[in-house]
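[1] Predicted structure and sequence below. I'll ask about it afterward.
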Amino acid sequence: QVHLVESGGGLVQAGGSLRLSCAASGRTFSRYAMGWFRQGPGKERDFAAAISRSGSTYYADSVKGRFTISRDNAKNTVSLQMNSLKPEDTAVYYCAGRIGASRGSWYSRQEQYENWGQGTQVTVSS
């Protein structure tokens, strides 16, 4: 298993940007497909973005064109650059990892991930 710790959340005005990071423990990070999910107030946790072991990416329609997911296997990190933020992006953002994925596969369903971070709060004011 890998231990995941998110950072970078905070309060930002609408139209602003934030960069979330997720640090992973261990030496097998490159074997993990990674994803970001989010849970808004009073809502279920939803998919935001995913990246495969080889760097292929996939986004929810709600964030496509505004968010960018990336990974640095040398630093055991996955990041989520969030631009043009909207109040509806307010949520707790979670990093997730799935081991044993094929190199080109990304995953968008929560049940496909077995490792989760504790979450980081992002609040976008109008």
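    Happy to help now that I have it.

[2] Look up how far Gly104 lies from the nearest residue to Ser105 once chain neighbours are set aside.
    In space, and not counting its chain neighbours, Ser105 is closest to Ser52: 5.4 Å by CB to CB, 6 or more residues apart in numbering. Quick note: C-beta positions are derived from backbone N, CA and C, even for glycine. Taking CB to CB, to the nearest Å as the measure, Ser52 falls 5 Å from Gly104.

[3] returning to that earlier point: the residue nearest to Ser105 - how many residues pack around it?
    By the criterion of other CB atoms under 10 Å, Ser52 has 21 neighbours.

[4] residues contacting it?
    Contact partners of Ser52, counting by CB atoms under 8 Å, 6 or more residues apart in numbering, are Ala33, Ala101, Ser102, Arg103, Gly104, Ser105, Trp106.

[5] Select from those every entry located in strands.
    Ala33 (DSSP state E).

[6] Gly97 versus the residue sitting nearest the centre point of the chain, what's the distance?
    The centre of the chain sits closest to Trp36, judged by CA atoms, centre = their mean, with a distance of 2.3 Å. Applying CB to CB, the value for Trp36 to Gly97 is 11 Å.

[7] what mean pLDDT does stretch 40-48 have?
    Throughout stretch 40-48, pLDDT has a mean value of 97.

[8] And the strands in this protein?
    Counting by DSSP E, the chain has strands at residues 4-7, 10-13, 18-24, 32-39, 45-51, 57-59, 67-72, 77-82, 91-99, 115-116, 120-125.

[9] which one of those strands is the most hemmed in?
    Greatest average neighbour count among those goes to strand 32-39 (a mean of 25), per mean count of other CB atoms under 10 Å.
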